[in-house]
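# I'll drop the sequence and a predicted model, then ask my questions.
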Amino acid sequence: MKSLLLAAACAAILTLAPPARAHIVVTPGEVAAGQSATFEMRVPTELRVPTTRLRLQIPDGFSFSSIEPVAGWKITVERTGDRVTAVEAKGKLRPDFFQRFVFRGRVPNVETTLVWKVIQTYRDGTVVRWTGDPGEQSASATKVSPPAL
């Protein structure tokens, strides 16, 4: 009887567990429509070799304004016309460490969800796509809530 109860409890816990989250996380998780905010992308190295390159795709509707320099990293802002479409960082992030990248921008004036797609490249050539696309790892997201009154 105890083992049956234990099995039922384990099944309930697994059923109620939250969905997997991206290991590269962009915060905040929610911003009021039309607001400017400071965002932080936290990047761990999950393999036994260093991360050497990151590429953050800027979601449509997000108006990127600036990024804080990070010692030891070369950061390039990619543009199409006047719009920033991606930010690339090249450097070295050793195993068992994480790095923060801080940037500012304005979210759209309407309710939506901004999906932060990131491609992480390791020194050995391994590429992990945190894009949420089929067959890829989950992507971090920011909910754009109704405008503040």
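On my side now, so go ahead.

# now the helices for this protein?
2-16 (DSSP state H).

# Quick one: low-confidence residue ranges for this protein.
Residue ranges of the chain with pLDDT under 70: 1-22, 148-149.

# in it, which spans are strands?
Taking DSSP state E, the strands of the chain run over residues 25-27, 30-32, 36-44, 51-57, 63-67, 74-80, 83-93, 98-106, 112-122, 127-130, 140-145.

# Can you lay out those strands as JSON lines showing mean neighbour count?
(Each C-beta comes from the backbone N, C-alpha and C, glycine too.) As requested, these are arranged in JSON lines below (neighbours: other CB atoms under 10 Å):
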{"stretch": "strand 25-27", "mean neighbour count": "20"}
{"stretch": "strand 30-32", "mean neighbour count": "17"}
{"stretch": "strand 36-44", "mean neighbour count": "16"}
{"stretch": "strand 51-57", "mean neighbour count": "20"}
{"stretch": "strand 63-67", "mean neighbour count": "15"}
{"stretch": "strand 74-80", "mean neighbour count": "12"}
{"stretch": "strand 83-93", "mean neighbour count": "17"}
{"stretch": "strand 98-106", "mean neighbour count": "17"}
{"stretch": "strand 112-122", "mean neighbour count": "19"}
{"stretch": "strand 127-130", "mean neighbour count": "16"}
{"stretch": "strand 140-145", "mean neighbour count": "19"}
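
# For residue 86, name its beta-bridge partners.
Counting by DSSP bridges, residue 86 is bridged to residue 57, residue 78.
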